[in-house]
Every structure is written in C-alpha cells, then in structure tokens.
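Asks: this one's sequence-less:
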C-alpha cells in the first residue's frame, strides 16, 4: 500500500489532485473556527446540548466537525445541500421536466446542479432563520440587524461548503461532499478519545465496554471492505463479425454488479434527512411538532425504524440512479453483446433488474445493520460513544472509494494499485 501511495505521488497529475484535496480539507477546518458574530457560545451549549452524547444536536455536531458546538460559520455543515440534492433527485422520478433533464447528459446535469444550488440556499435560509430564532437568548443584543447578520453568516457558511465540495469533486479526487463529512468526523476523533478516557476515569464505563467498542469497530471496518469489494459478475459474450479481412468481437467479458453499488451515500442521505425536521421541530413552540422532534432523536424507536427504512430506500434509489439496466442492455445489443441463455432486449433488461434487486438487498441489509449496531450496543451496555458505527461506516467507505479512484488512475499509467 505504501508503494502504491509513493507511485501516486510520482504522477504529477495525481499528486496535484491529492495536494489540492488536502489543502481544501485544511481550508474547511480553518473555517470551522471562524465564530458567528454576537453569539455567547457558553449559552449555546446549554441550549442545544444535553451533555450525554445523545440527542440530535450532538449527532449534528459530529457531521459539522464541532462547528455547531462552537457556533462557527460552518455550524449548519453541508446538510442543506444534501437535503436539496435528495429533493432534486426525487423530483427526477416524478416530475417529467426533471426526468428529461436527467436524460440530457452533461447539459441536463448542469441545470440540475444549478437547481440544487438554489434549493441549498433556500433550505439554508430556512434552517438558519429557525436556528437563530431558537437561540435568541444566546445572542448579544438581539436586535433585527444582529439576527439578520447571524442568518446571513450561517447561510454563507453553507454556501461556501457547497462550493468547496464541488471544487474537490471537479479538481481533486473523490466525492467532495463525502470528503467534507469525512474530514468533520475525523476531526472529532481526538475529542471522542478524550471523552472515553474521562468516562474510564469517572467509572462511567470500564475496559470491557471499550474492548467491546474496539471489536465492533474492527468488525465494521472489515465488513465494509468485504462488502465494498464484493460483486456479482454477469458474463457477457460478444458475437463475432467479419468486416473485410478483420474479425471483430468473439470475446467474453462480464458486468460487475457491486453488492453495495450506492456506497455510503444512503447513510449520509438518511442521517441528513432526519436531522432537518428534528431541528426545525425543536425550535417551533408547538407541542405536537416538538413531540415529533422528540421521536426523531437518535436512539429513539421511531428514529431507528425511520432510519432503517430511509437507508433501504436510498440504497435502492441511488443504485437505480447510478446503474440503468435499460441503457446497459441497449449498449450491449448495439455492439453485439448478449448474456448467455438470455435474449437481447427486454429479456436482458428484466434479467439485469432481477439480479440488481437481489444483490442490492444484501448491500441494504449490511448498511442498515452496521448503522443500527451502535445504538443496540448502547442500549445493552448503557454507554454512549459518539464515534460509533455511522462514523466508522462513512469514514471507511469514503477512504476506500477515494483509494479506488486513485488506484484506477494509477492503473491507467501502468502502476500497481492499492488492491493487490
């Protein structure tokens, strides 16, 4: 692996991309320390945080890399952008106009990206307004202009993160939004180790609890690597054709259907989507809405059930978005390819859909179990560790996907990759 990393830095183009990503990660962490003006941070912590590591704001602070607890310009993190992306993707399945844009290739994607940006700003304004009004007692001199300045600061922070993520995706390696979340979770790692040490000193937990957590972490990491590498290979045979004196086709290959085609996107989407209504509900002084917000607190039965359903939904949704059986079948037929024993055309589409549904089921089950396992362990041991399964799942998944992208670029230049 070290030799592969050395090979990556030998290639000027890849080296530039890696350095660019590292610099953008540093910029993000630097911005996470720029405070929102006219805010008393100590009062913020009393209002938002329970202090026991549970609750929606502790969970949000993990995604924000501590920016929420310090109430910096990145306090809302990138969640409005993720929520806007989900909405735009869902509209593509029900609104003909958005569905048509998805089929228009690069030009259509540009328009969808633009709509996602507009949606991000709208959602960020709504969330920033609700958050600002909810923490008014922490505002120093809560006049109209001070409140407006806070709303603009929070919205601008999210807009900058959106731009930063797009720059990483375009000029670096990996998915920019995933890398921002990866950086946020990684930055909380020392804080979580300190908390575990304090719990040990106080006697809240013992070494058995820590050992159980470490075993869980190792199982999660091994499971993620195993599932991410797992794939169902569908054999493809290309018919032989003769043009002039040359013979074309007649070769065999395969379509690799990954068990977890969606990666860590379903977990990120499900977590972000559950945050938004829970936060808004906490700040609206209506008993019924606040009751719903209480149900959606991490660890509550309604939260766990909804979380599981959303992970399943987004696993299938994102897999269908990234892998279209009709396009694959059409391209195969166009170049004279076929699946042995399956007729080209509609029969091939139905076969691919059937295999895809079955393979994706295992990926969805795996993601759900890994995401829920820490909550179950917490319920049994009565120990709350913020750096849990969801964190490890996202970190390991993002790191693995980024390494695979570096590997693919190395193989193009005849270097040996990470996965030997």
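Replies: Sure thing, it's come through. Since this is a predicted model, take the numbers as computed values, not measurements. Numbers count the residues shown, from 1 in each chain.
Asks: OK, contacts around the most centrally placed residue in the chain?
Replies: Per C-alpha atoms, centre = their mean, the C-alpha nearest to the average position across the chain is that of residue 268, at 3.4 Å. Contact analysis of residue 268 by C-beta atoms under 8 Å, 6 or more residues apart in numbering lists 82, 177, 178, 181, 394. For the C-beta atoms, the positions are set from N, CA and C on the backbone; glycine is no exception.
Asks: the first one - nearest residue in space that isn't next to it in sequence?
Replies: Of all residues not flanking residue 82 in the chain, residue 272 sits nearest, at 4.1 Å (C-beta to C-beta, 6 or more residues apart in numbering).
Asks: mind checking how far that neighbour is from residue 304?
Replies: 17 Å (C-beta to C-beta, to the nearest Å).
Asks: the more surrounded of the two?
Replies: residue 272 (23 against 17; other C-beta atoms under 10 Å).
Asks: work out for me the element that one sits within.
Replies: According to DSSP states H and E, residue 272 maps onto helix 265-283.
Asks: and residue 174, by the same measure?
Replies: Using DSSP H and E, residue 174 maps to neither a helix nor a strand.
Asks: before we move on, what about the one 10 residues further on?
Replies: When elements are defined using DSSP H and E, residue 184 is found to belong to helix 176-187.
Asks: follow the chain on from that helix and name the next helix or strand.
Replies: Past helix 176-187, the next helix or strand by DSSP H and E is helix 189-202.
Asks: any idea which helix or strand comes after that following helix?
Replies: Next along from helix 189-202, by DSSP H and E: helix 207-229.
Asks: so for that next one, mean pLDDT?
Replies: Regarding helix 207-229, the rounded mean pLDDT is 77.
Asks: between helix 189-202 and it, find me the angle.
Replies: Relative orientation of helix 207-229 and helix 189-202, computed by axes from the mean of the first three to the mean of the last three C-alpha atoms, to 10 degrees: 150 degrees.
Asks: by contact count, what packs against helix 207-229?
Replies: Packing partners of helix 207-229 (3 or more C-beta pairs under 8 Å, 6 or more residues apart in numbering; DSSP states H and E): helix 189-202, helix 346-381, helix 389-412.
Asks: in TSV, list those along with mean neighbour count.
Replies: Formatted as TSV, the helices and strands packed on helix 207-229 follow (neighbours: other C-beta atoms under 10 Å):
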stretch	mean neighbour count
helix 189-202	13
helix 346-381	18
helix 389-412	20
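Asks: and stretch 294-302, which residues are buried?
Replies: 296, 297, 298, 300 (16 or more other C-beta atoms under 10 Å).
Asks: and those, which two are furthest apart?
Replies: Within the buried residues of stretch 294-302, 296 and 298 form the most distant pair, 8.3 Å apart (C-beta to C-beta).
Asks: so what sits against both of these two?
Replies: By C-beta under 8 Å, 6+ apart, the residues touching both residue 296 and residue 298 are residue 56.
Asks: now stretch 407-420: average pLDDT?
Replies: For stretch 407-420, the per-residue pLDDT averages 65.
Asks: which phi and psi values does the nearest residue to residue 277 once chain neighbours are set aside adopt?
Replies: Nearest in space to residue 277, with sequence neighbours left out and distances taken as C-beta to C-beta, 6+ apart, is residue 296 at 6.4 Å. Main-chain dihedrals, residue 296, degrees, to the nearest 10: phi -90, psi 10.
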